[in-house]
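# following is a predicted model, sequence given first.
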Amino acid sequence: MFSILRSIWLTFLHIFHATETVEYPEVKPYLAPRYRGRIVLTRDAARNERCVACYLCAAACPVDCISLQATEDPQGRRYPEFFRINFSRCIFCGFCEEACPTYAIQLTPDFEMGEYDRQNMVYEKQYLLIAGEGKYPGYNFYENAGVEVGVKGKGEGKNEEMPVDVKELMP
Amino acid sequence: MLICLARGNIKNNDCLSMKYLLIIAGVLLIALSVAAGLIWVERRLLSLWQDRLGPNRVGPFGLAQVIADTVKLFFKEDWIPPFSDRPVFLMAPGILMITILLTFAVIPFGPDFYVFDSNIGILFFLGNSSLGVYSIVLGGWASNNKYSLIGAMRASAQMLTYEVFMGLSLMGVVMMADSFSFCSIVEAQRNGWFIIPQFFGFVVFFIAGVAETHRLPFDIPEAEGELVAGYHSEYSGMKFGMFFVGEYLGITLISAIIATLFFGGWLGPSFLPPVFWFLLKTFFFIGVFILLRASLPRPRYDQLMKFGWKVLFPLALLNLLVTGAVLIFLK
């Protein structure tokens, strides 16, 4: 009896509580920097594509929504000929970002991707590529490792030693 | 002409006067628009008590939600199940609306604002609410659906139980006012509202009223967690809408009757018109109805029956006896 009246009173007091609702289109919710939203392809500081078309993202993707074709430029630098993400399949798990050895593919805090036509959910490379460096400014894969493509000579990278002459017997 | 017959005291030229028709139109307009508006009021109030915002997109403060809902109901497929008992199925929602709307005729909205002042107003109300049970029982029966039937069975048991002491709880008021007429009962409260001498009558009537309109926490005839939607599972389109609005009309009616019988009806300080006082009191109790929905869980069926017969029924009888004894003693 008393507990019923008490619960009615406590419910009534909720009039004076703040509402939890975020009025979405007018008030944008806070999205953390690491929010897993729309996927982008980033460039390095020299505005070259970071992606080396290694297919690791496509292999890691649990729903197989990434599709790409590798090719090489005259210097021997690999890059994707096309790069396609089907966002109507994508589950925004972030595995592609974890798999990427060059920090090229990244997820961004943006989820507003509504389309009336399903085909418009398929993003080609020109819509995925952004001009900036995303979450890892200053990082360039070829400065640390990789083949010689005009960024550094063989064995001149950071924390990289000169290649061992395998025909020499000395340690 | 029907109005003339119903009214009893006929002055022929006065009968179909514009004022009279205006009152009927006004009562209908208030009752129906309040009932429809309650769809919005209930959702906004509930969300307020649940720390949400509720519908606020359509029109100013989401007020056009009512229109949007009505349009939606009109455009829904009006499906009549092939396995149903067709004439009864079609009739059931209408009965609910008619019985409740008829009762509004005897309620005084203001000193001269009532359709007719019946000298058996309370009995008229009780009789109509008994007839209202038919709507639910027939609706559940004609649906030819197990869940609907269970809902209808529960509704009939619940409403018959609670009707008994709903009537008994009002007898104290009747004894004190010495009349069954709503208008006389309001006049009798000039020296003090009946809530004070008839507090237990009010409590019993209020709980019985909640059960009678089968509102939460006593919504076991519908109980969507258990019975899909109970007696109106098979209803769609405007027939469902009539059950829906009928429920809100019922809330409005019970609130209006509580305000009339226990809280002085249209009586109030004269800086505001009497109709305003009446509506203010009515809306207060509508708010309490919604607050109950927001705060209380649904009892089990046997708990409901036990509570009715073992607590409320003796309380109503006791209230009746004590009121009678005191009145005789004072004479």
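It's in. Numbers count the residues shown, from 1 in each chain, chains lettered A, B, ... in the order given.
# in this structure A:Val22 contacts A:Leu31, no?
No - using CB atoms under 8 Å, A:Val22 makes no contact with A:Leu31, being 11.6 Å away. C-beta here means a position set from N, CA and C on the backbone, and glycine is covered the same way.
# so what secondary structure elements neighbour the one helix or strand B:Ile286 maps to?
In this structure, B:Ile286 sits in helix B:274-295 according to DSSP states H and E. Here helix B:274-295 touches helix A:2-13, helix B:18-49, helix B:237-262, going by 3 or more CB pairs under 8 Å, 6 or more residues apart in numbering or on different chains; DSSP states H and E.
# are the longest one and chain A in contact anywhere?
So the one you mean is helix B:18-49. Yes - interface with chain A: helix B:18-49 contributes B:Ser47, B:Leu48, B:Trp49 (CB under 8 Å from any CB of the partner chain).
# contacts for stretch A:57-71 next, please.
Contacting residues not belonging to stretch A:57-71 are listed as A:53-55, A:78-87, A:89-91, A:93, A:95-100, A:105 [CB atoms under 8 Å, 6 or more residues apart in numbering or on different chains].
# near chain B, which residues of chain A show up?
Residues of chain A lying near chain B by CB under 8 Å from any CB: A:4, A:7-8, A:10-12, A:14-15, A:17-21, A:23.
# what packs against the helix or strand where B:Met166 lies?
Taking DSSP H and E as the definition, B:Met166 sits inside helix B:146-177. Judged by 3+ CB pairs under 8 Å, 6+ apart, helix B:146-177 is in contact with helix B:121-142, helix B:182-187, helix B:199-212, helix B:224-227, helix B:237-262, helix B:301-306, helix B:313-330.
# so for it, mean pLDDT?
Per-residue pLDDT over helix B:146-177 has a mean of 86.
# got the angle for that helix vs helix B:313-330?
Angle, helix B:146-177 to helix B:313-330, by axes from the mean of the first three to the mean of the last three CA atoms, to 10 degrees: 10 degrees.
# what parts of chain B come near chain A?
Residues of chain B found near chain A (CB under 8 Å from any CB) are B:47-53, B:56, B:291-292, B:294-296.
# report the two of these separated the most.
Largest separation among these by CB to CB: B:Asn56 and B:Leu296, giving 25.8 Å.
# contacting residues for A:Ala53?
A:Ala53 makes contacts with A:Leu68, A:Gln69, A:Ala70, A:Thr71, A:Arg78, A:Tyr79, A:Pro80, A:Glu81, A:Phe83, as judged by CB under 8 Å, 6+ apart.
# wait, A:Ala131
Counting by CB under 8 Å, 6+ apart, A:Ala131 makes contact with A:Arg43, A:Arg47.
# surely it is within a strand?
No - A:Ala131 sits outside any strand when classified using DSSP: H, G, I helix; E, B strand; the rest coil, being coil.
# low-confidence regions, the chain specifically.
Since you didn't name a chain, this refers to chain A. Applying pLDDT under 70 to chain A flags no residue at all.
# that's the wrong chain, I wanted chain B
B:1-16.
# and the residues of helix B:18-49 next to chain A, which is closest to B:Ile30?
Lowest distance from B:Ile30 to the residues of helix B:18-49 next to chain A (CB to CB) belongs to B:Leu48, with 24.1 Å.
# any idea how far that closest one lies from A:Thr11?
Computed as CB to CB, to the nearest Å, the B:Leu48 to A:Thr11 distance reads 10 Å.
# tally of neighbours for the residue of chain A found nearest chain B?
Relative to chain B, the nearest point of chain A is A:Thr11 (3.5 Å; CB to the nearest CB). For A:Thr11, the neighbour count with other CB atoms under 10 Å in any protein chain shown is 17.
# next: A:Asn48.
16.
# hang on, the earlier thing: in CSV: the helices and strands packed on helix B:146-177, plus distance to B:Ile286.
As requested, the helices and strands packed on helix B:146-177 are arranged in CSV below (distance: least, CB to CB, whole Å):
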stretch, distance to B:Ile286
helix B:121-142, 17
helix B:182-187, 19
helix B:199-212, 11
helix B:224-227, 22
helix B:237-262, 5
helix B:301-306, 23
helix B:313-330, 24
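# format those as a markdown table; extra columns: distance to A:Ala45 and mean neighbour count.
A markdown table is the format used below for the helices and strands packed on helix B:146-177 (distance: least, CB to CB, whole Å; neighbours: other CB atoms under 10 Å in any protein chain shown):
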| stretch | distance to A:Ala45 | mean neighbour count |
| --- | --- | --- |
| helix B:121-142 | 73 | 22 |
| helix B:182-187 | 84 | 22 |
| helix B:199-212 | 70 | 23 |
| helix B:224-227 | 60 | 14 |
| helix B:237-262 | 64 | 23 |
| helix B:301-306 | 72 | 14 |
| helix B:313-330 | 82 | 15 |
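# out of those helices, flag the one nearest B:Lys76.
helix B:237-262 (4.5 Å).
# chain A: helices as residue ranges?
Counting by DSSP state H, chain A has helices at residues A:2-13, A:56-60, A:95-99, A:125-128, A:141-144.
# chain neighbours aside, what residue packs nearest to the residue in the stretch 51-200 of chain B that chain A sits nearest to?
Residue of the stretch 51-200 of chain B nearest chain A, by CB to the nearest CB: B:Leu53 (4.3 Å). Using CB to CB, 6 or more residues apart in numbering or on different chains and skipping residues adjacent in sequence, the residue nearest B:Leu53 is A:Thr21, 4.3 Å away.
# wait, what's in contact with that neighbour?
A:Thr21 makes contact with B:Asp51, B:Arg52, B:Leu53 under the criterion CB under 8 Å, 6+ apart.
# kindly report the same for B:Thr252.
B:Ala31, B:Val34, B:Ala35, B:Leu38, B:Thr282, B:Ile286 are the contacts of B:Thr252 under CB under 8 Å, 6+ apart.
# recalculate using a threshold of 10 Å.
Applying CB atoms under 10 Å, 6 or more residues apart in numbering or on different chains, we find B:Thr252 in contact with B:30-32, B:34-35, B:37-38, B:100, B:104, B:107, B:213, B:282-283, B:285-286, B:289.
# same question for B:Leu304.
B:Arg154, B:Ala157, B:Gln158, B:Thr161, B:Tyr162, B:Ala211, B:Pro217, B:Phe218, B:Ile220, B:Arg298.
# swap the cut-off to 7 Å and go again
B:Gln158, B:Phe218, B:Ile220 (CB atoms under 7 Å, 6 or more residues apart in numbering or on different chains).
# neighbour count for those residues - can I get that in a markdown table?
Converted to a markdown table, the contacts of B:Leu304 look like this (neighbours: other CB atoms under 10 Å in any protein chain shown):
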| residue | neighbour count |
| --- | --- |
| B:Gln158 | 23 |
| B:Phe218 | 24 |
| B:Ile220 | 24 |
